[in-house]
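Q: Just a sequence and a predicted model for now, questions to come.
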Amino acid sequence: MLHDSFVLDLASMTWQADGAPLLPSDVCNNVCDGIESVPFHKVFSFGGKKGMMQYMNIVDVMDCGMQVWSTPSAEGSNVPCGREDTAWAYDTKTSSLLVFGGWASRWLGDLVKLNCAAIIGPPYACTSMSPQAGPVFGEKDMVIKGLRFKPGKVQVRFGNTEKNQVVVDAEYIDNETIHCKTANYEQFGPMPVDVKVSINGEGWTVNKLVFNYFANTAARNSMAFGPGVLPKVISGVEVPFHIQARDTINERRTSGGDNFSVRIVSADGLVTGDARITDLQDGRYEVHYSVPKAASYLVHISHADLGGNESVPLRGSPFKVHATDPWTQHRVLGSIPGRRKGATLSELDGELVLYGGDTCGLVVCSTSPGEWRWSSVTPSGPAPGDRIQHSVIIVQNQLVLFGGASLSDGTELADMFWLKKTQGGWAWGCPKSHTPYVRHTVAPGQEPIDTPKPVTGRLAHTAVALDQQMLVIYGEKSGSLLTEPCIVESVIAQVSYAASITSLAVQELVCIKFSCIHCVGFVLLTSMPGQCDVKRSWYVYAPVHHPYIIFMLAHTGGQLD
């Protein structure tokens, strides 16, 4: 006895055994036939024997799409006896298999009909539907997608058994689309149900589509929570809150599709806000709204209960909120700085530092409690030249300035200064000099540059603080955009070196060193393969008076230098 199966590819006339499913049991002298079904054909096997005088009356079915055999239960009072060498045929009009005669230790002459409509189905099939959940009161638009739909009387059935089935009429759209309204299922309550389609009474589809009925959402049980429904909000910006939908038995809803509406109106009724609702498809709804100006507002939240057109207020609605202006115009004393462009404003040690954009030098606004005051200050130390479109960062309570364009002649600058507050006022500082560097790594398509070059002067760049490092990103030089960022590192808030990079990858950093007062620093970083022999480095730095001392131990090719 065998229970294997093979597939013959008619296009190439080759047999394929790999992947062909095995029959549930060993059998011989059975009958087998392929019957057209949508979306995949079905193969039926009946009868045969599994041993001496052991005749079978089992029906096995294989879905050609899933490539799996199954043994569905056959119902009815006229179950044929087990047999082999029988004959059968398929009747397309009744979706039935007709079995005649056979051998069961004697020749048989009976005729038996097996209705296969529940397995084969009609000559069309459903593949998907939208939505897949809805309230028990029904009347929600539903679109069913499928194969080989045809014009005629289209019906859709909701239910799992004959006792809880509800049939509604549907509309044929095209051979792949049917439209209907979901059935009212209030008499049976919330539950998952099968959805099947019949056209011209040809039988119900067999593809399993499940629609989940849920209890009706009740506005009186649903709730809103979040910053947007608290007594105080901010005008001019979006304020969020959430809606949690609950049903008539006060259970949390777990799917979307509810008809919530949000309306914001001022207490005097003259001003309205804008609101948008996002369905999170899990029973929650995210709401964002904004109001144009400071005032008292009412947040109205409602829901169309039971599918009606009249909206019912949510529990607690309307919510009273007062919107305030997030901007505060502080009263500032002193001489207000003149209008300018390309300046920077930074907070340093509790004061606002305005620099650049004109020839007025440094202007500071004290922000002490109760009184803000502008004042011009003249720091000690080497002051930077007047400039615009420079960059500043704050490192260890000191302002570090880089680059920009000179106001006197428009030259792009690459100098660096730092500003700190001292006991006697303010003080500028700067590195004494910097050493040009060799660009071992270059942009793609460019040749390495062996001649040391200084940091490129630039304006209109961006700078950010990375711990004690200043990352200067791109900028402009002589009207051309730069693709060479820079890294500047500070130690004890004094600039110690700068590095120029052509890639943001850390492995490709190459440094340029600045010497400075009070401290020294340096860095050795792995460059591109083949461009530098240094594989690993250890270094220390120490503040000394003079001369500067640097200790370095480098690991090169297995040797310590």
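A: Received it, and whenever you're ready, just let me know what you need.
Q: Can you check the pLDDT for His300?
A: If you check His300, the pLDDT there is 97.
Q: cool, Ile501 as well?
A: 35.
Q: Can you identify each of the helices in the chain by residue range?
A: Taking DSSP state H as the test, the helices found in the chain are 117-120.
Q: can you pull the contacts of Cys81?
A: Cys81 is in contact with 55, 57, 104, 108, counting by CB atoms under 8 Å, 6 or more residues apart in numbering. In this view, the C-beta of every residue, glycine as well, is placed from N, C-alpha and C.
Q: right, and the pair among these with maximum separation?
A: The largest separation in those, counting by CB to CB, is between Asn57 and Leu108 at 11.4 Å.
Q: Mutual contacts of the two, please.
A: 81, 83.
Q: just to revisit the earlier point, can you add neighbour count, distance to Ile35 and pLDDT and give the contacts of Cys81 back as TSV?
A: Shown next, in TSV, are the contacts of Cys81 (neighbours: other CB atoms under 10 Å; distance: CB to CB, whole Å; pLDDT from 0 to 100):
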residue	neighbour count	distance to Ile35	pLDDT
Tyr55	20	23	93
Asn57	18	19	90
Ala104	19	25	93
Leu108	18	23	93
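Q: Below-threshold pLDDT in the chain: ranges please.
A: Along the chain, the model assigns pLDDT under 70 to residues 307-309, 434-450, 488-561.
Q: how close does Val392 get to Pro384?
A: Distance of Val392 to Pro384, computed by CB to CB, to the nearest Å: 11 Å.
Q: Mutual contacts of the two, please.
A: In contact with both Val392 and Pro384: Leu401, using CB under 8 Å, 6+ apart.
Q: tell me the contacts of the closest residue in space to His41 that isn't next to it in sequence?
A: Nearest non-adjacent residue to His41, counting by CB to CB, 6 or more residues apart in numbering: Cys64, 4.5 Å away. The contact partners of Cys64, taken as CB under 8 Å, 6+ apart, are 34, 40-43.
Q: how about a cut-off of 7 Å?
A: When contacts are counted by CB atoms under 7 Å, 6 or more residues apart in numbering, Cys64 touches 40-43.
Q: next one: Pro485
A: Each residue near Pro485 by CB under 7 Å, 6+ apart is listed here: 471-474, 501.
Q: beta partners of Val299?
A: In this entry, Val299 is beta-bridged to Ile264, Phe319, by DSSP bridges.
Q: now it: how far from Ser317?
A: Distance from Val299 to Ser317, by CB to CB: 7 Å.
Q: So for these two, which sits in the more crowded spot?
A: Shown here are Val299 and Ser317; by other CB atoms under 10 Å, Val299 has more neighbours (26 against 20).
Q: The more buried one: what's it in contact with?
A: 228-229, 262, 264, 318-319, 321.
Q: same deal with Leu407?
A: Here Leu407 is in contact with 359, 386-388 (CB under 7 Å, 6+ apart).
Q: rewinding a little: closest one of the contacts of Cys64 to Trp426?
A: The nearest member of the contacts of Cys64 to Trp426, counting by CB to CB, is Phe40 at 82.8 Å.
Q: wait, isn't the closest one in contact with Asp63?
A: Yes: Phe40 is within contact range of Asp63, at 5.7 Å (criterion: CB atoms under 7 Å).
Q: ok, so what distance separates Asn164 from Glu186?
A: To Glu186, Asn164 is 12 Å away according to CB to CB.
Q: The stretch 251-400 of the chain: strands as residue ranges?
A: Taking DSSP state E, counting those that start in this stretch as the test, the strands found in the stretch 251-400 of the chain are 260-266, 274-279, 284-290, 295-303, 312-313, 319-324, 332-334, 344-348, 351-355, 362-366, 372-377, 387-388, 391-395, 398-406.
Q: Distance to Asn160 for the ones you listed - can I get that in CSV?
A: Putting the strands of the stretch 251-400 of the chain into CSV (distance: least, CB to CB, whole Å) gives the following:
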stretch, distance to Asn160
strand 260-266, 31
strand 274-279, 28
strand 284-290, 29
strand 295-303, 29
strand 312-313, 32
strand 319-324, 42
strand 332-334, 74
strand 344-348, 68
strand 351-355, 72
strand 362-366, 74
strand 372-377, 73
strand 387-388, 76
strand 391-395, 68
strand 398-406, 73
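Q: Could you single out the most deeply buried of those?
A: Of those, the one with the most neighbours on average (mean count of other CB atoms under 10 Å) is strand 398-406, at a mean of 24.
Q: how much does that one deviate in direction from strand 391-395?
A: For strand 398-406 against strand 391-395, the angle by axes from the mean of the first three to the mean of the last three CA atoms, to 10 degrees is 170 degrees.
Q: Just give the strands next to strand 398-406 in its sheet, each with its orientation.
A: Here strand 398-406 has these sheet partners by DSSP bridges: strand 387-388 (antiparallel), strand 391-395 (antiparallel), strand 412-422 (antiparallel).
Q: Which one of those lies nearest to Ala465?
A: Smallest distance to Ala465 across the strands paired with strand 398-406 (CB to CB): 4.1 Å, for strand 391-395.
Q: Span of stretch 3-15 from start to end?
A: Stretch 3-15 has its terminal residues 17 Å apart, counting by CA to CA, to the nearest Å.
Q: who's in contact with it?
A: 16-17, 20-23, 25-27.
Q: where's Arg252 relative to Asp279, distance?
A: From Arg252 across to Asp279, the span is 15 Å (CB to CB).
Q: higher neighbour count, Phe40 and Asp63?
A: Taking neighbours as other CB under 10 Å, Phe40 and Asp63 compare with Asp63 leading, 17 against 13.
Q: give the contact list for that one.
A: Asp63 neighbours (CB under 7 Å, 6+ apart): 40, 42.
Q: What is the most widely separated pair among the contacts of stretch 3-15?
A: The span of these, defined through CB to CB, is set by Gln16 and Ser25 at 22.5 Å.
Q: Comparing these two, which residue is more hemmed in?
A: Of the pair Gln16 and Ser25, Ser25 is the one with more neighbours under other CB under 10 Å, namely 14 against 11.
Q: can you pull the contacts of that one?
A: Contact partners of Ser25, counting by CB under 7 Å, 6+ apart, are 3, 50.
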